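Visitor: what's the 3D shape of this:
(chains A and B)
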Amino acid sequence: MMHLKDFEDSPTLEKSAYDMVEKDLQERLYILFSEASKQKLATILILEGWAGSGKGDLLKSITTRLDPRKLRVYSLENSDAKPKTHHFLYDYWQKLPLYGENAIFDGSWYSRVSYEKQEKLINKREYKDAFKSILNFEETLHNDRYVILKYFLNISSKEQKRRFKKASEEGKKWMVSESDWKQFENYKDFERLFEEYLNKTDTEICPWSIISAKNKYYCRISVIESIIRTLEEKLRIDSRQMLLVLKSSEQQAI
Amino acid sequence: MGDKFKFQNVTFNETLSSKDYKKQIDELQERARLFSHYSYKKKRSIILVFEGWDAAGKGGAIRRLTSRIDPRLYTVSSIAAPNEVERNHHYLWRFWTKLPAFGTIGIFDRSWYGRLLVERVEGFTKEEDWQRSFGEIVNFEEDLSDSGAIIIKYWLHVSPEEQLKRFNARKDDPLKRWKLTEEDWRNRDKWPLYEEAAEEAFSKTHKPNAPWHIIPANDKYFARTEALRIFCDRLENELNIPEKFS
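Guide: The predicted model follows:
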C-alpha cells in the first residue's frame, strides 16, 4: 500500500544547481522522444497531482525542447465537465496519439474519476467499473505500441495552503480556482481517492511514480530523470552517450 | 452457441413467403421505430454488429432495420480497410471514435471482428496480435455494456452454393455488377479458413451481454425479419418497455 504521507518531504535543490543540469536533461528528452518516434512508438505521459503542486511548470520544462508537431498536451478542467454522452474513456480514445507521436495529459482519466466520485456524479458501481476499464485500457495500449508513463506530484495540505496564499499575496489570485480551494477544503477526501487509484492501478506494466513536489526543482529533475530512465530502458539506448557524441561533433564542426 | 459452434449445424429450412414477409416486416419496423424512441428516452445506446459472408445481404438487412427509425437516432458505419491515420493507432481506435452517443444506435456494417476474420485469414496481422484480440474485444464490449450499451452481433449466413448463385446474378446484372469485386471471388476460395476463424471468434466472444446471432440468410425475407425480430425482442426485454408501446 502506498501512502501519500510518505511522499511529503524531499531534499532541497537550489535553483543554481537545477539550472546547471536542466538543458542537458531536456536535450536528452528530445533525443529519446525522437528515437521513440522513429521506432513508431507512441508515448502517453500522465501528470497527476494536487492543485498547486507545480504541474504547469513541470509541463513547460518537459515540452520546451520537444518537437511540437509530434506533441499534444491535454489539460483537463474538471469544472467544465460536459454532460455524459459516452463511456468515459471515449474522450481519451479520441485523444490517443498516433504511432510515433506523444500526448501529455495534465489531468487524465484518473482525476476525472476521482472528481466525479467526490462530486457524486457517478455511483459506486460506476466507480468500480471505471477501475476495471482503466486497467484494461492501459493493458491494451501497453501491449500495442504505446508507452504509458504515470506521475503523481504530491504536496501536503499545509504546503498547498501556503502556495495558494502566496499566490494571492503576489497578486496571482487568478491562478487559484474555486475548485482548487474546494480540493484544499476536502484534502482528506481527495487524499483517500487519490491513494485509491494509485494503489489500484499501480501495475507492473504501467506503474505509478509518486514524487514529492515540496521543492519544485527537485521535483522537476526527478520526473525528467525518471522519464529518461524509462525511455532508455524501453528503447535500449544511452541518451547521455548520444548527447556527448552530438556535442563533440558540434565542436569539431566549429 | 457455446464452446463448439459449428457452421455445419446451421440449417436453411426456414423461409418466408412474400405475403408473410410484407405483413411481418411492417409490424416489426413499427416496433423498432417506437422502441428506438424509448431507448433514446432511457439514454441507452444500442450497438449492432453486422458480419457475414459476402453477398449474404447485410446491406439489405440494415436498410430494412433502419428504414422507419428517426435518422437522427442512428448512424451506420461501413468498415473497410483502415486508412493511413487509422493504421497508425491501436486497431480499436477507429471503433471507439465511432461509438454512438447514449440514447442512439450505432450500426457497424463489418466491425472490429475484422481483426479476427479478414486480418487473421489474409495474414495482415501477426498471430500473436490477433490471438490477444479475443480478450481485448471481450473487454471492449464489456466496457460498453457496463456503461449501458445494448450490444447485438449478427452473422448473416449463406451456403457456398447460394453465394455462387448470387455472385453470378450480380455479374450479369448491370445494376448490381458494381457490388461484385475480385476480392469477393478470392475470399470465396478461402471459405474453410474464414469458417474456422469465424467459429473461433463466435465461441470466444459470445457473452450474455454481447451475444452472437447466426441468421440463416439463404432466404432474404426470413433473414431480414429475423434480424429485426431479434432487435425488437432484445430491446423489449432490456428496457422493460411497457405494453402500450408494443
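
Visitor: from chain B, how far out is A:Leu244?
Guide: Using CB to the nearest CB, to the nearest Å, A:Leu244 is found at 33 Å from chain B. (C-beta placed from N, C-alpha, C; glycine too.)

Visitor: and what of A:Arg69?
Guide: Counting by CB to the nearest CB - A:Arg69 and chain B are separated by 14 Å.

Visitor: what are the boundaries of the strands in the stretch 1-150 of chain A?
Guide: Under the criterion DSSP state E, counting those that start in this stretch, strands of the stretch 1-150 of chain A are mapped to A:42-49, A:71-75, A:102-106, A:146-154.

Visitor: got those strands as CSV, with mean pLDDT and mean neighbour count columns?
Guide: Compiled in CSV, those are given as follows (pLDDT from 0 to 100; neighbours: other CB atoms under 10 Å in any protein chain shown):
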stretch, mean pLDDT, mean neighbour count
strand A:42-49, 97, 24
strand A:71-75, 94, 15
strand A:102-106, 96, 21
strand A:146-154, 98, 22
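
Visitor: how many other residues sit next to the closest residue to A:Glu191 other than its chain neighbours?
Guide: Nearest non-adjacent residue to A:Glu191, counting by CB to CB, 6 or more residues apart in numbering or on different chains: A:Leu4, 5.7 Å away. When counting by other CB atoms under 10 Å in any protein chain shown, one arrives at 20 neighbours for A:Leu4.

Visitor: what's near enough to touch A:Leu4?
Guide: For A:Leu4, the contacting residues are A:Asn154, A:Glu191, A:Phe194, A:Glu195, A:Leu198, A:Ile210, by CB atoms under 8 Å, 6 or more residues apart in numbering or on different chains.

Visitor: element containing the fourth one?
Guide: If you go by DSSP states H and E, A:Glu195 is part of helix A:187-200.

Visitor: tell me the mean pLDDT for that helix?
Guide: In this model, helix A:187-200 has a mean pLDDT of 97.

Visitor: tell me what it is packed against?
Guide: Packed against helix A:187-200, as judged by 3 or more CB pairs under 8 Å, 6 or more residues apart in numbering or on different chains; DSSP states H and E, are the following elements: helix A:109-118, helix A:124-143.

Visitor: turn these into CSV, including distance to B:Ile79, mean neighbour count and mean pLDDT.
Guide: Putting the helices and strands packed on helix A:187-200 into CSV (distance: least, CB to CB, whole Å; neighbours: other CB atoms under 10 Å in any protein chain shown; pLDDT from 0 to 100) gives the following:
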stretch, distance to B:Ile79, mean neighbour count, mean pLDDT
helix A:109-118, 26, 21, 93
helix A:124-143, 19, 17, 97
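
Visitor: can I get those helices in a markdown table including distance to B:Val118?
Guide: Shown next, in a markdown table, are the helices and strands packed on helix A:187-200 (distance: least, CB to CB, whole Å):
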| stretch | distance to B:Val118 |
| --- | --- |
| helix A:109-118 | 32 |
| helix A:124-143 | 21 |
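
Visitor: now the ones you listed as a markdown table including distance to chain B?
Guide: As requested, the helices and strands packed on helix A:187-200 are exported to a markdown table (distance: least, CB to the nearest CB, whole Å):
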| stretch | distance to chain B |
| --- | --- |
| helix A:109-118 | 12 |
| helix A:124-143 | 4 |
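
Visitor: could you point out which element follows the helix or strand bottoming out on mean pLDDT in chain B?
Guide: Scoring the helices and strands of chain B by mean pLDDT, DSSP states H and E places helix B:182-189 at the bottom, with a mean of 88. Scanning forward in sequence from helix B:182-189 by DSSP H and E, the next helix or strand is helix B:191-205.

Visitor: can you give me the strands for chain B?
Guide: B:46-52, B:74-78, B:105-109, B:150-157, B:212-216 (DSSP state E).

Visitor: quickly list what the spatially most central residue of chain A is bridged to.
Guide: Geometric centre of chain A, nearest residue: A:Leu47, 1.5 Å, by CA atoms, centre = their mean. Beta-bridge pairing for A:Leu47 (DSSP bridges): A:Asp106, A:Tyr151.

Visitor: who touches it in this structure?
Guide: A:Leu47 makes contact with A:Lys55, A:Leu58, A:Leu59, A:Ile104, A:Phe105, A:Asp106, A:Gly107, A:Ser108, A:Tyr151, A:Leu153 under the criterion CB under 8 Å, 6+ apart.

Visitor: mind checking how far it is from chain B?
Guide: Going from A:Leu47 to chain B by CB to the nearest CB gives 22 Å.

Visitor: over to A:Arg162?
Guide: Counting by CB to the nearest CB - A:Arg162 and chain B are separated by 41 Å.

Visitor: got the contact list for residue 207?
Guide: Defaulting to chain A. With CB under 8 Å, 6+ apart, A:Pro207 has these contacts: A:Lys150.

Visitor: I was thinking of chain B, sorry if that wasn't clear
Guide: B:Val138, B:Glu141, B:Glu142.

Visitor: by neighbours, which of those residues wins?
Guide: Result: B:Glu141 is most packed of the contacts of B:Lys207 (other CB under 10 Å), 20 neighbours.

Visitor: didn't that residue look like it was pressed against B:Ile152?
Guide: No. Between B:Glu141 and B:Ile152 there is no contact under CB atoms under 8 Å: 11.0 Å.
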